[in-house]
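Trainee: could you work out the structure for the sequence below:
(chains A, B and C)
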Amino acid sequence: MVLHEILKQYPRTEDSLIEILLAYQAEKKDHFISNEEIAEIAQYVQTTESKVCSVLSFYTFFSNKPRGRYIIYVCKDVPCYVNESANIVRTLERLLGIKVGETTPNKMFTLEYASCLGYCNQAPAMRIDGKTYTDLNPDKVKAIISEYRGKQNA
Amino acid sequence: MIHLKINNIDLVVEENTTILNAAKACNIKIPTLCYYPDLNIKSDCRICVVEIVGQKGLVPSCSTIVREGMEIKTNSPRVLNARRTITELLLSNHDANCTACVKNMNCELQSLANKLGIDQNRFPSVLERHPIDDNNPAIVRNPNRCIKCGRCIDVCKNIQGMNVLENMNRGHDMVITPAYGKYLSDDLCVFCGQCASVCPVAAITEKDETDHVWKELHDPNKHVIVQIAPAIRVSLGEEIGKKPGSIVTGKIVSALRLLGFDRVFDTDFTADLTIIEEGNELIHRITTGGILPMMTSCCPGWISFVEQRYPEIIDHISTCKSPQQMFGALAKSYYAKKENIDLDNLVVVSIMPCTAKKYEAKRSEMSVDGKHQDVDIVLTTRELGKMIRQMGIDFESLPEEDFDNPFGITTGAAAIFGATGGVMEAALRTVSEIVNQKPLENINFTEVRGLQGIKEAEVTLGDAKIKVAVAHTLANAKQLAEQVKNKTSPYTFIEIMTCPGGCIGGGGQSYGTTNRIRQQRIDATYHVDETLTIRKSHENPAIQSIYNDFLEKPLSKVSHKLLHTHYHSRKNSEGSN
Amino acid sequence: MLEMKKITRRCGKINPLSIEDFMATDGYEMLKKAIKMDKIAIIEEVEKSYLRGRGGAGFPVAIKMKGLAKEIATPKYMICNADEGEPGNFKDRYLMENDPHQIIEGMIIVAYATQANQGYIYIRGEYDNAINIMKWTIEQARKNHFLGKNILGCDFDFDIEVRSGAGSYVCGEEFALIESLEGKPGRTRVKPPFPTQKGLFNQPTLINNVETFANIPFIVDIGGQAYAKIGTPSSTGTKLISLSGNVKHKGVYEVPFGTPIIDVINKLGGGIANNRKLKMVQLGGACGPIIPEYMLDMVIDYERFEEFESKTGAGAIIVIDNRFDMFDILLRIVEFFAHESCGKCTPCREGHIQLANLIKKFINCEATIKDLISLESLARVMHQTSLCGLGQSSPTSIIATLRYFRDEYLDRIESSDMIKGEGK
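Mentor: Predicted coordinates for the structure are as follows:
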């Protein structure tokens, strides 16, 4: 959906801001909000662009710069760490050929650290495209990445 | 009443008193940093923490209300250690190159470190350098000095209603910048400098042009003249350590001559001229069905505000230039010709309480011949103080001197320009007498005086009664602008000043300005008015001369060419509001 | 029986998406009972129960309820804090995914007793499942007239909206959450005023954790006095423990307060996995203390946790075996808080990076005694002066290990000395 179609669904008040940003960013393949879009959102919720920038830059979900089609969030906190999440990170870095914080050259994957995802009982865990994958091991990770690569090629 | 103990001293204070204020009652000034009188209490620097007996953590004294029986320790070892640690943390993320800093010896962080006896920093620097924002004529932002006290955001958002600056990112990465991390620019900032005036360090300062002025002063080919704003005479004293509201006009003139200015003139002169032009413009609009309400135009922050956010009401604004710019225009035409000075060698400097005036002077319209800017350099009150100190002038011992002519004779009406309501009152003194064709019984329009955000008055002009309004701060100006935009304004004439209190509260004034100090400067302003013999602009003989000699009459062709201008929309294509 | 399944009795036994299943197991019966009681009587039962907030702070719920009830300004808001971001905790997700209606029922009862007009459930953005389930649950509740206008035929209107977080742990702090609901960055506010006086949109607001609301129907059922008999005098009722780390059976276990930690780890968790040795346990979450094996007979109780100068009752137990270096663990904890700090106050904003740098020195065998003193001092200052719970409790693991694992610090310093000596 185009931005103004999403905007129409929300009241023109500042407290709609985060919901709008969440809804719109999810629609965008490159998962980011551009400067022009920030301005349009600011005008819709009747606030300043600086305020929208402030909100956008505060929350981890949002980005002002383009990111990959699929953002892989890997948990690195203690409960996952003691269940060998470092191994999962290494596997992903190898598979994708990038380091955490980077995006693959074909813009398909961005690899990020996540703060605890809340799946410590099924550690280690990662989250991609709104789905959480748990009880990971290197083989499972390989299979998951293949699946996503298959989706893109389909 | 609440009974408590501070440092074992028994105290009784009113309910709802903060620990910070209660401590003042026993002569203790608890160190603070983000706290600023008249601004919101933020409680985020954590410097002012104190110990409450029986409580585990330390509490901030700026925001903690006293309770019956509280026992407070303001200087226990735990408290001292906490304050020192927090200060060291601030210093570890701060460009602490003090001797190369414009706020050296005038910096709240420096004073704090000194007060707390910090002689070492356990924490290594983790400063990540950001580029300095030096892209506009008025304000310089240095993020490497920012200590994130939040005062600038508070004043820009809540006093001015502009919200140009905001906290971006979070945690250690947090920085304070305009939208998109851009530099301050004239499509989103009005350069009022209120942020600079509350910044405790040198993260936001005015663009320093003192070196440029020194260069011109020492160039034997240059004829350097200076004008001082109405507000300066009741403000500069603070730069020299005098109490707020000290009237030091004569000494300022003397100091300026010592600094090397060839002529020392008074902006009050062109303030009077502004009243004649603007007063006649108002009368003209009223009698010929022109666009009303008319709104004043001497405040460049207000002009920028309208151009950016309310371009649809531009035609309501008076076409008169500000007194600073009228002076520059006259200097580069009438004066240059009279004194036979080549425009290439004439330098016009103005001393203003204002940072936006630096921007105003550079506007392309502000050039009579299209080649030379009418005003070359604007210095703030603080910059003049700096030059006086640089030269080692013993200000106190200076003799009282008079301004030079022909731009030295002024009136009380001009003097009150510095206070909110002053331009309105000065205009009314002249307009009333012109329209009613008889002297006013009482020339004091007290309803438009004072620190209230929006003031109103009703004035009889001929057969009609008109309503006028005065607003200061942009948050208040916005309310009146909205009315004008929606065509629901009940007023005929409106004065707007961007800065709280008017120009005496300008962004270029001495640090530490509070409402109390603003009031003291305002009181001094009206005192100057009362002590002057001529108190109405149209009675100024020098003004009458300049019309006779040069301008012919108010709103003449010459006047229009030199003393009037037009504004234009700067609403950016993104249309922010 | 170590476990006491009161709040989790339906979990795994019913289809969470089926309101019929819920109602067939006494679901909404307590709401029907409560709505016939005096509002003040409901609050009194909660007071007698001495129910304390289950999100971590452990604040007595009845005080908040009384605070909201006495406010006359409308609208009054009620917020369920489902921003479960504390590492090691997943009990709220467990409740939302397995017995969502129970939470709603609890919220409606409290709203009735305090005359709240509008409710919100603020769920962290990463809990995609839980968000969908709660939205569905609310729709079902509305269809069945448990939400909306004239609930159960009474003069009582109340509805709930689900709102999502956007990746910020600090939005679990009550005012940061409120700021987030208002569309702003999650930076806390100066207190007082407290949320019950001026909260969401400056209106009276009550905010409590998921598990807290889930306890309400149970309290209405057996009465406050009977509830208070469970657990310990200072910590009544049951606690959902999120057990994770290096145990055989990770999961959510509901036990009465007063249960020894070691019992949860060994009897419910099956002990350390893979025959390794237990090295240390972190209690509560990343913001909690780290304790050695010899302290594990300690019971789960708010007062005992207070002794660590922190309010860490969110209930996580993270078991760590001896493969892991204490300093690596501490660094991960500090880096978590550094990433999540909102940046508003100096000690938290500027302190975490310095803590991390000091811990790294221990990791790299470069630390000196001076560094130990700086670390201890900085941790204490952050703990005592930070503006909100995040900065106040983030150094807890460091403070606790300095107390209980001091030898490890000293050993590391000695080996730094030795390395330096070898370099000569």
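Trainee: which element is the most centrally placed residue in chain A on?
Mentor: In chain A, the centroid-proximal residue (Cα atoms, centre = their mean) is A:I71; its distance is 4.6 Å. Secondary structure from DSSP states H and E places A:I71 in strand A:70-75.
Trainee: can I get whichever helix or strand comes after that strand as CSV, trimmed to CA atoms?
Mentor: Of the helices and strands lying after strand A:70-75 in sequence (DSSP H and E), the nearest is helix A:78-81. Extracted in CSV, the C-alpha atoms of helix A:78-81 (Å, rounded to 0.1, in the frame of the first residue of the first chain):
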residue,chain,number,x,y,z
VAL,A,78,22.9,-14.3,28.0
PRO,A,79,20.3,-17.1,27.9
CYS,A,80,20.9,-17.5,24.2
TYR,A,81,24.6,-17.0,24.5
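Trainee: got the buried residues for the helix or strand just after helix A:78-81?
Mentor: With elements assigned by DSSP H and E, the helix or strand that comes after helix A:78-81 is helix A:85-96. The neighbour-count check on helix A:85-96 (16 or more other Cβ atoms under 10 Å in any protein chain shown) flags A:85, A:88-89, A:91-92, A:95-96 as buried. Quick note: C-beta positions are derived from backbone N, CA and C, even for glycine.
Trainee: list the contacts for the residue nearest the centre of chain B?
Mentor: Nearest to the geometric centre of chain B sits B:G506, at 0.7 Å (Cα atoms, centre = their mean). B:G506 is in contact with B:192-193, B:197, B:231, B:352-355, B:380-381, B:499, counting by Cβ atoms under 8 Å, 6 or more residues apart in numbering or on different chains.
Trainee: in what helix or strand does residue 110 lie?
Mentor: Assuming you mean chain A. Per DSSP H and E, A:T110 falls inside strand A:109-114.
Trainee: actually, chain C is the one I wanted.
Mentor: Using DSSP H and E, C:V110 sits within helix C:100-114.
Trainee: so how far is chain C from the closest residue to B:V155 other than its chain neighbours?
Mentor: Closest residue to B:V155 apart from its sequence neighbours, by Cβ to Cβ, 6 or more residues apart in numbering or on different chains: B:Q194 at 4.7 Å. B:Q194 sits 21 Å away from chain C, taking Cβ to the nearest Cβ, to the nearest Å as the criterion.
Trainee: what's the pLDDT at the residue of chain A found nearest chain C?
Mentor: With Cβ to the nearest Cβ as the measure, A:T60 is the residue of chain A nearest to chain C, at 3.1 Å. We have a pLDDT of 95 for A:T60.
Trainee: just to revisit the earlier point, the residue nearest to B:V155 against B:N158, yeah?
Mentor: No - the pair B:Q194 / B:N158 is not scored as a contact, 10.6 Å apart, by Cβ atoms under 8 Å.
Trainee: of those two, which one has the most company?
Mentor: B:Q194 (29 against 14; other Cβ atoms under 10 Å in any protein chain shown).
Trainee: contacts only, for that one.
Mentor: By Cβ under 8 Å, 6+ apart, B:Q194 lies in contact with B:155-156, B:159-160, B:499-500, B:507.
Trainee: if we use 10 Å, what do you get?
Mentor: B:151-152, B:154-156, B:159-160, B:162, B:204, B:301, B:355, B:473-474, B:498-500, B:505-507, B:513 (Cβ atoms under 10 Å, 6 or more residues apart in numbering or on different chains).
Trainee: drop anything exposed from those residues.
Mentor: For the contacts of B:Q194, a neighbour count by 16+ other Cβ under 10 Å gives the buried set as B:151-152, B:154-156, B:159-160, B:162, B:204, B:301, B:355, B:473-474, B:498-500, B:505-507, B:513.
Trainee: next one: the strand holding A:I71 to chain centre, how far?
Mentor: When distances are taken as Cα atoms, centre = their mean, to the nearest Å, strand A:70-75 is centred 7 Å away from the chain's centroid.
Trainee: tell me which of the contacts of B:Q194 fall in helices.
Mentor: If you go by DSSP state H, the contacts of B:Q194 have B:151-152, B:154, B:301, B:474 in helices.
Trainee: save these as a markdown table, and put in distance to C:I14 too.
Mentor: Listed next are those as a markdown table, based on distance: Cβ to Cβ, whole Å:
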| residue | distance to C:I14 |
| --- | --- |
| B:R151 | 55 |
| B:C152 | 55 |
| B:D154 | 52 |
| B:G301 | 65 |
| B:L474 | 59 |
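Trainee: which one of the residues you listed sits closest to B:T177?
Mentor: For the ones in helices among the contacts of B:Q194, the closest approach to B:T177 (Cβ to Cβ) belongs to B:C152, at 10.7 Å.
Trainee: look up how far chain A lies from the closest one.
Mentor: Separation of B:C152 from chain A (Cβ to the nearest Cβ) stands at 12 Å.
Trainee: so the residue lying closest to that residue once chain neighbours are set aside, which of the three states?
Mentor: Excluding the flanking residues, the one nearest B:C152 by Cβ to Cβ, 6+ apart is B:C195, at 3.7 Å. Assigned by DSSP: H, G, I helix; E, B strand; the rest coil, the conformation of B:C195 is helix.
Trainee: same check, this time on B:H3
Mentor: B:H3 - assigned by three-state DSSP - is strand.
Trainee: bridged to it, which residues?
Mentor: Beta-bridge pairing of B:H3 under DSSP bridges involves B:V12.
Trainee: can you give me the helices for chain A?
Mentor: In chain A, the helices defined using DSSP H lie at A:3-8, A:17-27, A:35-44, A:49-58, A:78-81, A:85-96, A:138-153.
Trainee: and the first one, what does it pack against?
Mentor: By that I understand helix A:3-8. The contact analysis (3 or more Cβ pairs under 10 Å, 6 or more residues apart in numbering or on different chains; DSSP states H and E) places helix A:3-8 against helix A:17-27, helix A:35-44.
Trainee: mean pLDDT added to those, as JSON lines?
Mentor: Converted to JSON lines, the helices and strands packed on helix A:3-8 look like this (pLDDT from 0 to 100):
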{"stretch": "helix A:17-27", "mean pLDDT": "93"}
{"stretch": "helix A:35-44", "mean pLDDT": "96"}
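Trainee: looking at these, which is closest to chain B?
Mentor: With Cβ to the nearest Cβ as the criterion, chain B lies closest to helix A:35-44 of the helices and strands packed on helix A:3-8, at 3.5 Å.
Trainee: re the thing from before, now do the same for the residue nearest to B:C152: its pLDDT.
Mentor: 98.
Trainee: centre of the chain versus the helix or strand of chain A with the lowest mean pLDDT, how much separation?
Mentor: Using mean pLDDT, DSSP states H and E, helix A:138-153 stands out as the lowest-scoring helix or strand of chain A, at a mean of 91. Taking the mean of its C-alpha atoms, helix A:138-153 sits 17 Å from the chain's own mean (Cα atoms, centre = their mean).
Trainee: can you list contacts of it?
Mentor: A:69-70, A:72, A:74, A:84, A:87-92, A:94-96, A:106, A:108-109, A:124, A:126, A:128-129, A:131, A:133-134, A:136.
Trainee: quick one: buried residues of that helix?
Mentor: Using 16+ other Cβ under 10 Å as the burial criterion, the residues of helix A:138-153 that qualify are A:140-141, A:144-145, A:148-149.
Trainee: tell me which of those residues is nearest to B:S489?
Mentor: Comparing the buried residues of helix A:138-153 against B:S489 with Cβ to Cβ places A:Y148 closest, at 60.4 Å.
Trainee: which residues in the stretch 101-250 of chain B form strands?
Mentor: Listed in chain order, the strands of the stretch 101-250 of chain B (DSSP state E, counting those that start in this stretch) span residues B:139-141, B:166-168, B:175-177, B:204-206, B:223-228.
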